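Student: no sequence for this one, just the structure:
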């Protein structure tokens with residue numbers, strides 16, 4: 001069985017009050033359209049086609065990496081008109097699945113169940129029962145319960161508006177039948193548009209049964225039309241991610257204050273996350289990891305038995321097992337920490353490697369640096385790695401002790417077991433096993449008097 005998925009993504013989204021096309025607004029830092037694509041990409045033998053229109057170049061460029069055929073709808077004349085743009089690309093024998101680029105939480109299981117209901121004699125339609133169906137097309141059934149048509153709310157009678165079963169717009173049908181009905185669509189309605197929903201009545205006229213199914217949760221089929229709905233679905237999505245992680249053994253001290261904006265590719269046991277933790281991109285987190293409040297981890301590997309204290313930012317970095325980070329530490333991209341490294345408060349590292357049992361505990365910046373094992377870097381130390389044009393590397397070998405308030409002017413090498421005196425500015429290589437320092441001579445002016453304010 002071959003499937004053609006048509007994702008309708010041409011609308012502007014006027015109620016978003018944004019220059020950005022609606023389908024590019026994000027949930028969990030991924031465009032709405034990307035959520036829909038990622039779900040249906042998991043279907044076997046599936047060719048995906050996206051009908052786009054408003055913000056055409058921006059939409060295509062924002063999702064340039066996905067494997068789809070792009071079909072432009074130059075005029076937005078309704079959902080039926082949108083699907084008509086793909087009509088000549090639909091083989092008769094394929095099943096056509098129609099989805100929407102602003103409905104991001106639809107589950108794969110729901111779609112598979114829908115497709116399974118398609119046959120020579122049936123069109124599969126996803127419906128939903130709503131407490132307040134305002135804005136939805138209504139599913140009209142005859143006295144035996146068979147679907148006979150869908151009526152859009154603006155065209156519905158007072159009686160029809162009382163129907164609580166709403167149309168999601170999501171359907172699956174054989175290609176040969178859909179193409180026939182698309183050719184018969186008209187725009188004689190309140191909106192003057194070509195409604196895809198009109199094919200339901202055509203199907204019934206042709207003796208095709210409408211097989212309906214419903215999602216497990218109403219949230220699956222909710223679309224995004226404004227910022228309030230976007231925010232609501234963001235929280236629903238994050239709740240699902242939080243519950244999924246807790247089922248896998250993660251302790252979230254407050255699931256409502258946790259965001260997963262990506263994935264945890266490898267997940268250890270006995271992980272504890274305090275409030276307001278954000279995990280973004282692709283990450284690996286080992287066993288017995290404690291993550292403090294307000295911490296942001298992105299595209300990183302966190303080893304076993306790591307403690308990350310509050311208010312840390314870790315991006316594109318590796319933290320070795322047994323290490324302790326923070327509070328208020330920042331690991332910038334290409335930072336690699338070995339086992340049992342301590343990175344303390346207000347310490348920033350960038351493009352640096354730190355070997356096992358080394359400590360950088362206070363108020364330091366270490367950039368473009370190779371730090372050896374069992375090195376102690378004192379408070380206020382910085383590596384001056386950038387001359388305004390080029391960047392240079394600092395090497396601190398095993399066992400070195402760097403005194404507080406030291407500036408290491410790269411390129412420079414601090415030798416094995418060397419000691420740098422506090423308050424030094426080091427511009428030349430420092431030999432191993434020796435003390436190196438650079439200080440102005442301290443002096444006291446004996447008869448100096450503090451100035452006083454003149455009258």
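Tutor: Looks like it arrived, so ask away. What you see is a predicted model, and the numbers here were worked out from it, not measured in a lab.
Student: where does stretch 383-391 sit relative to the chain's centre, distance-wise?
Tutor: For stretch 383-391, the separation from the chain centroid amounts to 33 Å (computed by Cα atoms, centre = their mean, to the nearest Å).
Student: Please report how far residue 237 lies from residue 271.
Tutor: For residue 237, the distance to residue 271 (Cβ to Cβ, to the nearest Å) stands at 20 Å. Just so you know, the C-beta spots here come from the backbone N, C-alpha and C atoms, and that holds for glycine as well.
Student: next one: residue 392
Tutor: 38 Å.
Student: quick check: domain ranges of this protein?
Tutor: Here the domain parsing of the chain from automatic domain parsing is 3-221, 227-436.
Student: And the strands in the stretch 101-250 of the chain?
Tutor: For the stretch 101-250 of the chain, the strands defined by DSSP state E, counting those that start in this stretch cover 122-129, 138-141, 147-151, 165-174, 209-213.
Student: and residue 425, which of these is closest to it?
Tutor: Judged by Cβ to Cβ, the one of the strands of the stretch 101-250 of the chain that comes nearest to residue 425 is strand 165-174, at 67.1 Å.
Student: Which elements pack onto that closest one?
Tutor: Here strand 165-174 touches strand 95-100, helix 108-116, strand 122-129, strand 138-141, going by 3 or more Cβ pairs under 8 Å, 6 or more residues apart in numbering; DSSP states H and E.
Student: out of the ones you listed, deepest packed?
Tutor: Comparing these on average neighbours per residue, with mean count of other Cβ atoms under 10 Å, the densest one is strand 95-100 at a mean of 24.
Student: Give me the helices and strands touching it, please.
Tutor: Packed against strand 95-100 by the contact rule (3+ Cβ pairs under 8 Å, 6+ apart) you find strand 3-9, helix 32-40, helix 108-116, strand 165-174, helix 175-182.
Student: What is the neighbour count of the closest residue to residue 187 other than its chain neighbours?
Tutor: Excluding the flanking residues, the one nearest residue 187 by Cβ to Cβ, 6 or more residues apart in numbering is residue 194, at 5.1 Å. By other Cβ atoms under 10 Å, 19 other residues sit near residue 194.
Student: Residue 392 and residue 271: which has the busier surroundings?
Tutor: The neighbour count for residue 392 versus residue 271, taken as other Cβ under 10 Å, is higher for residue 271 (22 against 15).
Student: my read: that one touches residue 246, true?
Tutor: No: at 10.3 Å, residue 271 and residue 246 do not qualify as touching, with contact defined as Cβ atoms under 8 Å.
Student: For residue 233, which residues are in contact?
Tutor: Going by Cβ atoms under 8 Å, 6 or more residues apart in numbering, residue 233 touches 27, 104-105, 219, 222, 224.
Student: related to what we said a few turns ago, format the domains of the chain as JSON lines; extra columns: mean pLDDT.
Tutor: Listed next are the domains of the chain as JSON lines, based on pLDDT from 0 to 100:
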{"stretch": "domain 3-221", "mean pLDDT": "95"}
{"stretch": "domain 227-436", "mean pLDDT": "97"}
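Student: for those domains, which one sits closest to residue 447?
Tutor: Nearest to residue 447 among the domains of the chain is domain 227-436 (26.6 Å), distances taken as Cβ to Cβ.
Student: and the end-to-end length of that closest one?
Tutor: End-to-end span of domain 227-436 (Cα to Cα, to the nearest Å): 60 Å.
Student: sorry, back to before: looks like the residue nearest to residue 187 contacts residue 184 (just checking).
Tutor: No: here residue 194 does not reach residue 184: they are 10.4 Å apart, not a contact under Cβ under 8 Å.
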